[in-house]
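In: pasting a predicted model and its sequence here:
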Amino acid sequence: MKVIKIDKKDWADGLAKLSGGYRLFGPVKDKEFHNFKELDNGELPDFDFSNTKLSAKSMVFPQAEAMFKYSLDENEADHHIMKEAEKDYSPRAAIGIRPCDAAAFLLVKKNFDTPEYKDPYWINAYEASVFVGLACNNPCSTCFCTSAGCGPFHEDGLDVLLADAGDYFLAKVITDKGEKLLQAAGWNTEADAGEDQIETLKKEAEAKITASVNTDGLKDKITTELYDAPFWEDVAFACLNCGTCTYVCPTCWCFDIQDETHGTSGIRMKTWDSCMYPLFTLHGSGHNPRGTKVHRVRQRFMHKLKYYVDKYGDGIQCVGCGRCIRLCPVNIDIRKVCELMNSYEPADAACQVA
Amino acid sequence: MQNPYLPYPVRIDEIITETEDKNLKTFKFVFLNPEDEKKFAYKSGQFGELSVTGKGEIPIGIASSPTEKGFVKFTVNKVGLVSSFLHTMKVGDIMGIRGPLGNWYPWETMEGKNVVIIGGGFAFTTLRSSIIYMLDPANRSKFKDIHVIYGARSPGMLLYRDELAEWEKRDDINMHITVDGTDDPDWKYNVGFVPTITEQKAPSSDGETYAIICGPPIMIKFTQPVLDNLGYSHDQIIMSLENRMKCGIGMCGRCNIGKEFVCKDGPVFTLAELNNTPKEY
């Protein structure tokens, strides 16, 4: 595959050219963290980060977005009838998305793009996007991507993979969409032995990842046995049900639909939601099938590490970015929970008969 | 790309207050665009999302039958924000419906078999749809004996009372209506809880009989052992579940029981299927 060398002195000029044809998104400094957002005119992405605090999922799946608009004014034609909200699906480009966040979109796509139903909001935004990934030369201590089907130089879900090589970037062309973007930026100098350079950096980065999970046993576990495992009380004990893990996660896709009315007009919105909240599953009758925090914590891990595994046969619903580990206020660690689940044998938990 | 979140606009054509406590109303809707009725082709057991503009959506079982044309009917219990507002709406008001959603009772599998319908309280809506469907002249010969065991707290809490009385008169359906109790001296049907009446009236299964049960959890809990005793295997006991829903198409993530979504993989499950999932309903 072709590798382009981008001198860092040509970087800003290239992005300026791109901004004519693409809405640019990238990591920028946000107080003491970095976050992924749409870049202002002339604003450059800041690559001095390990990973953004929130994942990049909002680029395709905004925290809140209008689906429909309506009028309650009976003097208006079409009152009370839902009409499509205006949308901008012009080309957009992620500049410097981490490979884990880009790979996460492929997992989430299975939920929103199904044979029976297609979520047009997610799909249109995804298809309008070009993903220029920034490989991780220095992964964090909480990264376990290499055992979660991903990696610091992982290419699935990316159109271009950028690797920082000091004075220049190496840009590996992965798709035609990526090639087109590089041409639009005017970056067209092929690197000498580019693939070899990238391979060296990749090996160095992968060697720095020490955390891992074992997932080989998950698919053969019996769902109801895992569900009834005795460790859930312990896992959930300190949980505050704050929902941070679900909001920062690149693969959490759950959402709510709400109508918001001002005067006689309003919008029907799709917003992020979280399985950590009691209201997520509360029936109108007052009954709640996931009424305790143990139910809710178990749902999060069972979804990612068992239900998804069984439903799609394509590994776990996690890319190993480690955000939920870093940001959990009570130090719940998905790697430990995964190990408990992966190694669980019901017989071990049964009471000994004297 | 078809937008699965966009409701078909409908007009409320008729509102019937069903029960003496006035908490259950049946809404008859007519599609504003006649071609939408064709797109809404459904089977008994499916549900729709009723969209009350400015309030939100609620998942409700379809009470009309596919054999009834020109309208769709939903019977709604007054419970939360959307259903309470819907109860204040009037004939002629405009709202929306999405669907049909979910799976249906296994009509193909049940052909040539006996069918026992067991319902309690207001969970009789898709069962009404099913009875109308089976009694349709085009369909009745597809099924052998049909039994219906339907109970409510009191005579005034039974849904569709006129239709129940008509079905009582027919000889091609065995009706077993019951109430938990009544002080009406003219009450001519059963008195007793649904599990008890099931024990007395339901045919035993010779492997040729399917039971469809919808009702409150307490009714289901005590009816299941009765069916076990009558010899029903768990793949011949059909249930319809409810959970909080938003999208109705298996995406928003809240109504799952294990890896199955009640909205898309259900709401109809066999007891055999439910035995293998977490009981989060």
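Out: It's in. Numbers count the residues shown, from 1 in each chain, chains lettered A, B, ... in the order given.

In: what about the residue nearest to residue B:67 when sequence neighbours are not counted, distance to residue B:214?
Out: Spatial nearest neighbour of residue B:67, excluding adjacent residues (C-beta to C-beta, 6 or more residues apart in numbering or on different chains): residue B:136 at 4.2 Å. In this view, the C-beta of every residue, glycine as well, is placed from N, C-alpha and C. Distance of residue B:136 to residue B:214, computed by C-beta to C-beta, to the nearest Å: 20 Å.

In: which of the two has more neighbours?
Out: Using other C-beta atoms under 10 Å in any protein chain shown, the more surrounded residue of residue B:136 and residue B:214 is residue B:214, with 29 against 14.

In: residues touching the residue nearest to that one when sequence neighbours are not counted, list them.
Out: Spatial nearest neighbour of residue B:214, excluding adjacent residues (C-beta to C-beta, 6+ apart): residue B:123 at 4.0 Å. Neighbour list for residue B:123: B:214, B:215, B:216, B:240 [criterion: C-beta atoms under 8 Å, 6 or more residues apart in numbering or on different chains].

In: just checking, the first one touches residue B:122?
Out: If I follow you right, that is residue B:214. No: using C-beta atoms under 8 Å, residue B:214 makes no contact with residue B:122, being 9.6 Å away.

In: re earlier: would a markdown table of the contacts of residue B:123 with distance to residue A:244 and secondary structure be doable?
Out: A markdown table is the format used below for the contacts of residue B:123 (distance: C-beta to C-beta, whole Å; DSSP: H, G, I helix; E, B strand; the rest coil):
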| residue | distance to residue A:244 | secondary structure |
| --- | --- | --- |
| B:214 | 39 | strand |
| B:215 | 40 | coil |
| B:216 | 37 | coil |
| B:240 | 36 | strand |
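
In: and the buried ones among the residues you listed, selectable in ChimeraX?
Out: Buried residues within those, by 16 or more other C-beta atoms under 10 Å in any protein chain shown, are selected in ChimeraX with:
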select /B:214,215,240
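
In: adding pLDDT and distance to residue A:156, write the contacts of residue B:123 out as JSON lines.
Out: Shown next, in JSON lines, are these (pLDDT from 0 to 100; distance: C-beta to C-beta, whole Å):
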{"residue": "B:214", "pLDDT": "94", "distance to residue A:156": "45"}
{"residue": "B:215", "pLDDT": "89", "distance to residue A:156": "48"}
{"residue": "B:216", "pLDDT": "86", "distance to residue A:156": "48"}
{"residue": "B:240", "pLDDT": "95", "distance to residue A:156": "40"}
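
In: still on that earlier bit, let me know the secondary structure of the residue nearest to residue B:214.
Out: Following DSSP: H, G, I helix; E, B strand; the rest coil, we place residue B:123 in the coil state.

In: tell me which stretches of the stretch 101-250 of chain B form strands.
Out: Taking DSSP state E, counting those that start in this stretch to define them, one finds strands in the stretch 101-250 of chain B at B:114-120, B:146-152, B:174-179, B:190-191, B:209-214, B:237-240.

In: output the lowest mean pLDDT helix or strand found in chain B.
Out: Within chain B, confidence by mean pLDDT, DSSP states H and E is lowest for helix B:217-229 among all helices and strands, at a mean of 92.

In: from the contact counts, what lies against it?
Out: Packing partners of helix B:217-229 (3 or more C-beta pairs under 8 Å, 6 or more residues apart in numbering or on different chains; DSSP states H and E): helix B:194-201, strand B:209-214, strand B:237-240.

In: now for these, which one comes closest to residue A:47?
Out: strand B:237-240 (53.8 Å; C-beta to C-beta).

In: other SSEs contacting the closest one?
Out: strand B:209-214, helix B:217-229, strand B:268-270, helix B:271-274.

In: how far away from the center of its chain is the longest one?
Out: Its chain's C-alpha centre lies 18 Å from the corresponding centre of helix B:217-229 when counted by C-alpha atoms, centre = their mean, to the nearest Å.

In: that helix: which residues count as buried?
Out: B:219, B:220, B:223, B:224, B:226, B:227.
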